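>>> model this:
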Amino acid sequence: MAMNRLGLGLGLQRGAGASAPPVIAPENTVLPAISGNAHVGSTLTASTGTWLNGVDTFAYQWKADGTNVGSNQNTYVPVSGDVGKVITVVVTATNAGGSTPASSGATSAVIAVPVNTVAPAITGSALVGLTLTCSTGTWSGGGSQTYAYRWKSAGSNVGSNQNTYVPVTGDAGNTITCTVTATNAAGSGTPTESAATAAVDVAVGVSGTDTGSIVNNAAPTFTGKSFGAARADRCIRAWVTYQDGAANSAFTGCTIGGVVATKVAEAAASGSVNAALYTAAVPTGTTGDIVPSISNAGATLDCQVSVVRTVGLANAATDTAGGLTGGSSFTRNNDCPAGGAQIFGCYRDGASGTGNSIDWTNVDELPPEIHFDSNQRSQVTAARINASAQTNQAITATNPGGGVVSFYMAGGSFAPL
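So this is what the prediction gives:
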């Protein structure tokens, strides 16, 4: 009987001592982390981090800029709507004692392979020797983007991987395009081509001379003058000179390529020679007619015309002068506008003889000069100023006894057509 009581007592003592300790919820010691590239279509993977107190299960909540995305998986693939957002993941560890969340650090902003939204564009005049510049266009995708350039002339590769290209004589008559490819860490976008330029022009800025006659004020027509390729910013300037067969003749108008021209300079009739500069914006057609007219119905005039073709110049004079005595200089103290300027001068020799010429200082004279026949003893030249800082553009008549009777400077960029 005593043994039974002892055994019962021992059994009661052992049962009380076997009670389990309470379970404590998981405690995070190392945060979860995301591996992989934050690119659209690329898989991100979350680690669980490190936990104390034992974990039965893990749950995952992905977030893009703090908004829930994805599902309860340890992986997430960013979509296009995530571009520009950072990705985080909240891992929740659970055991019998409860649940504890822990958030990862953020990825870099999500990027995608670039996609073009605005095509590249070429700026500049399609002229041999002048620089064309290609914009990048606009690309989605984010991230740090680099751009590759592929220039083409009539579909054939030219130039190098630069955003500029200078057409050469071999490009004459061809259109130029530029294809841009944008690349970021996610990859390279589809190459996108710009619109084509106008056909590259290579002609010099001065065309040849034609002759004709005005009888009883019947205007001569100088047919088929070369205006070069169509260009919206081009002005055609026609120097018209005549030898007066009667007194008091004067220019009353001129059309260039069917466009009514503006007279921007005229040398008053003197010594039976007159000259005028007409200019008109003629953007269409490669050739056209030049039709001057005069006021004296009884005159019979030998008339000549020469064409100066320019790009980017305003259709108005910015400076005029007259009365330069032969053998001396006339200086206009004008700062050259940005991009350069073009100067025209009309020289009338007041005496017979040779050696008639116009010389320029501080400028680059454009070949060829325009010469008229010896009977008229007149000459017109064109010149350009390249540097915006130049002043004191001087024009000199080298033959004593002659004179410069008209001087014209047009501001704006100059280029041969």
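>>> where does the closest residue in space to residue 288 that isn't next to it in sequence land on pLDDT?
Nearest in space to residue 288, with sequence neighbours left out and distances taken as CB to CB, 6 or more residues apart in numbering, is residue 257 at 3.0 Å. From N, CA and C alone the C-beta is placed, and that goes for glycine too. In this model, residue 257 is scored at 89, pLDDT.
>>> contacting residues for residue 257?
Counting by CB atoms under 8 Å, 6 or more residues apart in numbering, residue 257 makes contact with 227, 236, 280, 282, 284-285, 288-290.
>>> got it, and residue 78?
By CB under 8 Å, 6+ apart, the contact set of residue 78 is 38-42, 44, 64, 87, 110.
>>> cool, and residue 24?
Applying CB under 8 Å, 6+ apart, the residues contacting residue 24 are 53, 97.
>>> roughly how far apart are it and residue 58?
17 Å (CB to CB, to the nearest Å).
>>> Any idea how many residues pack against the residue lying closest to residue 189 once chain neighbours are set aside?
Nearest residue to residue 189 in three dimensions, chain neighbours excluded: residue 114, at 3.6 Å (CB to CB, 6+ apart). By other CB atoms under 10 Å, the residues close to residue 114 number 26.
>>> mind checking pLDDT for residue 114?
pLDDT, residue 114: 97.
>>> low pLDDT regions in the stretch 51-200 of the chain?
Within the stretch 51-200 of the chain, no stretch has pLDDT under 70.
>>> Return the set of buried residues in stretch 144-159.
For stretch 144-159, a neighbour-count test (16 or more other CB atoms under 10 Å) marks 145, 147, 149-153, 158-159 as buried.
>>> tally of neighbours for the nearest residue to residue 152 once chain neighbours are set aside?
Nearest residue to residue 152, sequence neighbours excluded (CB to CB, 6+ apart): residue 177, at 4.9 Å. Residue 177: 19 surrounding residues under other CB under 10 Å.
>>> Same check on the one 10 residues further on?
Using other CB under 10 Å as the criterion, residue 187 is surrounded by 16 other residues.
>>> Pull the contacting residues for it.
Residue 187 touches 113-114, counting by CB under 8 Å, 6+ apart.
>>> measure it to residue 114 for me?
Plainly put, residue 187 is 8 Å away from residue 114 if you go by CB to CB.
>>> do residue 146 as well
On the measure of CB to CB, residue 146 and residue 114 end up 10 Å apart.
>>> Correct me if wrong: residue 61 contacts residue 92.
Yes - between residue 61 and residue 92 there is a contact under CB atoms under 8 Å: 7.4 Å.
>>> In strands only, show me the buried residues of stretch 144-159.
147, 149-153, 158 (DSSP state E).
>>> Which of those residues lies at the shortest distance from residue 253?
residue 153 (41.3 Å; CB to CB).
>>> Please tell me I have it right and that closest one contacts residue 174.
Yes - with contact defined as CB under 8 Å, residue 153 counts as touching residue 174 (4.5 Å).
>>> what is in contact with the two at once?
residue 200.
>>> Compute the distance between the residue nearest to residue 288 and residue 281, please.
From residue 257 to residue 281 the distance is 10 Å (CB to CB).
>>> Could you pull out the buried residues of stretch 52-60?
55, 58, 60.
>>> got a list of what the first one touches?
Contact criterion CB under 8 Å, 6+ apart gives 26, 48, 93-95 as the residues in contact with residue 55.
>>> From the residues you listed, list the buried ones, please.
26, 48, 93-95.
>>> Just name the closest of these to residue 295, please.
After measuring those against residue 295 - CB to CB - the closest member comes out as residue 48, at 98.8 Å.
>>> mind checking which helix or strand the closest residue to the closest one other than its chain neighbours is in?
Distances taken as CB to CB, 6+ apart put residue 58 closest to residue 48, at 5.2 Å, once the chain neighbours are dropped. Here residue 58 sits within strand 57-64, counting by DSSP states H and E.
>>> Name the next helix or strand downstream of that strand, please.
The helix or strand immediately downstream of strand 57-64 is strand 67-69, counting by DSSP H and E.
>>> Partner strands of that following strand and their direction?
strand 57-64 (antiparallel) (DSSP bridges).
>>> contacts for the strand it pairs with?
By CB under 8 Å, 6+ apart, the surrounding residues in contact with strand 57-64 are 44, 46, 48, 68-74, 76, 78, 81-82, 85-94, 99, 110.
>>> Could you report the separation of the residue nearest to residue 189 from residue 236?
Going from residue 114 to residue 236 by CB to CB gives 44 Å.
>>> before we move on, what about residue 293?
17 Å.
>>> thinking again about what came up before, so what sits against both of residue 257 and residue 281?
residue 236.
>>> three-state assignment of residue 241?
Secondary structure, DSSP: H, G, I helix; E, B strand; the rest coil: residue 241 is strand.
>>> Check the contact between it and residue 301; I expect there is one.
No - with contact defined as CB under 8 Å, residue 241 does not reach residue 301; the gap is 9.9 Å.
>>> Compare neighbour counts for these two and give me the winner.
residue 241 (27 against 22).
>>> Name all residues that make contact with residue 107.
Neighbours of residue 107 in contact, by CB under 8 Å, 6+ apart: 34, 38, 44, 86-88.
>>> Just the strands from the stretch 1-150 of the chain, written as ranges.
According to DSSP state E, counting those that start in this stretch, the stretch 1-150 of the chain carries its strands in the segments 27-30, 34-35, 44-46, 50-52, 57-64, 67-69, 75-76, 87-95, 98-103, 115-118, 122-123, 132-134, 138-140, 146-153.
>>> Dump those strands to TSV, plus distance to residue 193.
Listed next are the strands of the stretch 1-150 of the chain as TSV, based on distance: least, CB to CB, whole Å:
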stretch	distance to residue 193
strand 27-30	51
strand 34-35	38
strand 44-46	35
strand 50-52	53
strand 57-64	34
strand 67-69	36
strand 75-76	36
strand 87-95	35
strand 98-103	46
strand 115-118	10
strand 122-123	10
strand 132-134	10
strand 138-140	14
strand 146-153	8
